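S.K.: Here is my input, please return the structure:
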Amino acid sequence: MRKPELVASDVDGTLLDPWERVSPRTARAVQRIVASGTPFVLVTGRPPRWMPRIVAELGLVGTGPDAAVPVGQDLQGAGRGGLAVCANGAIVYDAVGDVVLRSSDIDPLLLHDVAHELRAAIPGCSFAVERPARGARDRVDEQFLAEEAFRGVWSNADLRVVPTDELVGKPAAKMLVLHEQLTSGEMATAAAEVVSSRLQVTYSTSAGLLELSAPGVDKASGLASVAADLGVDRSDILAFGDMPNDIAMLDWAGHGVAVRNAHPEALEIADERTASNSDDGVAQVLERWW
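M.R.: Take a look at the predicted model:
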């Protein structure tokens, strides 16, 4: 591959080390990319509110509302390393200005129907949703809503417990389905039979958690929208990932790279395998050009 015109990377299990930190070597590699003027885009299942820390650990520009830019224009976050495709492609977020540029949401009626059907198909599961806001710091108590049973397994300071009817009563960027006794792969098989093409089903961990997005929304579609805004052809994009939610992006990009610790399906689809996230696998590839 010739020198990439855009670099995209998954975060957890790929860019971050096993302790969810950015290593100094990875930070230096990303800083060289940004200094060269090449867009660097984080593509993740994480919501926007979990991105400012990553941008800060990468040693990139600070964030602030004065830097916000409207979608379709020169994306400030892309030029300064603060652009992120979040929620598995559903949200495009500019961390430089702390502004959500766009969101592809699931209709409330569909949320209601799918939750009802999955509860019957996967007994014992519980639900949560991620709702879009104007930025990472906007209405934080309205962004991550869950059932009580979900919080009992996944305790999180951002999470607010609400009744199920309220949970599915408004559009959501992502629905999460949790089960204590099943693997994510087992849940995905069961969910695929129920959900079919009505929602996009994937997972970023094997620990009994599914992530559902609007139909046709995945990391590839989210990255494609950013690349189109920036005028970069897919053949000139270098992408990194490790889990099933990265497969569409690794397949779509001109050159897809899986870290050695990746899920077997991600390793199979990738054009290249690099070292694990504990050995700076992303940085080792980036250092070829930067």
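
S.K.: what sits up against the strand or helix carrying residue 227?
M.R.: Element membership of residue 227, judged by DSSP states H and E, is helix 219-230. For helix 219-230, contacts defined as C-beta atoms under 8 Å, 6 or more residues apart in numbering pick out 6, 8, 10, 39, 41, 43, 71-72, 75, 78, 83, 85, 88-92, 102, 104, 233-234, 237, 239, 241, 245-246, 248-249, 251-253. To be clear about C-beta, it is placed using only N, CA and C from the backbone, and glycine gets the same treatment.

S.K.: Equivalent analysis for stretch 258-274, please.
M.R.: Contacts for stretch 258-274 (C-beta under 8 Å, 6+ apart): 13-14, 206, 240-244, 246-247, 250-251, 255-257, 275-279, 281-282, 284-285.

S.K.: which of these are buried?
M.R.: 13-14, 240-244, 246-247, 250, 255-257, 276-277, 281-282, 284-285 (16 or more other C-beta atoms under 10 Å).

S.K.: Report the distance from the strand or helix carrying residue 109 to the chain centre.
M.R.: If you go by DSSP H and E, residue 109 is part of helix 108-121. Chain-centre distance of helix 108-121: 23 Å, with C-alpha atoms, centre = their mean, to the nearest Å.

S.K.: what about the nearest residue to residue 122 once chain neighbours are set aside, is that helix, strand or coil?
M.R.: Spatial nearest neighbour of residue 122, excluding adjacent residues (C-beta to C-beta, 6 or more residues apart in numbering): residue 190 at 5.3 Å. Secondary structure, DSSP: H, G, I helix; E, B strand; the rest coil: residue 190 is helix.

S.K.: One more: the one 3 residues further on?
M.R.: Local secondary structure at residue 193 is given as helix here, using three-state DSSP.

S.K.: Now for it: which residues touch it?
M.R.: By C-beta under 8 Å, 6+ apart, the neighbours of residue 193 are residue 121.

S.K.: if we can go back for a sec, now do the helix holding residue 109: everything it contacts.
M.R.: Under C-beta under 8 Å, 6+ apart, the answer for helix 108-121 is 125, 127, 129, 164, 167-172, 175, 177, 190-191, 193-195, 198-199, 212.

S.K.: Using CSV, write out every CA atom in it.
M.R.: Taking C-alpha atoms only, helix 108-121 is exported to CSV below (Å, rounded to 0.1, in the frame of the first residue of the first chain):
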residue,chain,number,x,y,z
PRO,A,108,-38.4,4.0,19.2
LEU,A,109,-41.1,1.7,17.9
LEU,A,110,-38.4,-0.6,16.5
LEU,A,111,-36.6,-0.4,19.9
HIS,A,112,-39.8,-1.5,21.6
ASP,A,113,-40.5,-4.4,19.3
VAL,A,114,-36.9,-5.8,19.2
ALA,A,115,-36.5,-5.6,23.0
HIS,A,116,-39.8,-7.5,23.5
GLU,A,117,-38.8,-10.2,20.9
LEU,A,118,-35.2,-10.6,22.2
ARG,A,119,-36.4,-11.0,25.8
ALA,A,120,-38.4,-14.0,24.6
ALA,A,121,-35.6,-15.4,22.5
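
S.K.: quick one: the residue nearest the centre of the chain and residue 5, what's the gap?
M.R.: With distances taken as C-alpha atoms, centre = their mean, residue 44 lies nearest the centre of the chain, 2.0 Å away. For residue 44, the distance to residue 5 equals 21 Å [C-beta to C-beta, to the nearest Å].

S.K.: Quick check, residue 183 in contact with residue 208.
M.R.: Yes. Between residue 183 and residue 208 there is a contact at 6.2 Å, judged by C-beta atoms under 8 Å.

S.K.: who has more neighbours, the two?
M.R.: residue 208 (22 against 15; other C-beta atoms under 10 Å).

S.K.: contacting residues for that one?
M.R.: For residue 208, the contacting residues are 178-184, 187, by C-beta under 8 Å, 6+ apart.

S.K.: What backbone torsions are found at it?
M.R.: Note on residue 208: its backbone torsions stand at phi 70, psi 40 [degrees, to the nearest 10].

S.K.: Same check on residue 129?
M.R.: phi -140, psi 150.

S.K.: That one against residue 145, yeah?
M.R.: Yes. Using C-beta under 8 Å, residue 129 is in contact with residue 145, at 5.5 Å.

S.K.: Can you flag the buried ones in the contacts of residue 208?
M.R.: Buried among the contacts of residue 208 by 16+ other C-beta under 10 Å: 178-179, 182, 184, 187.
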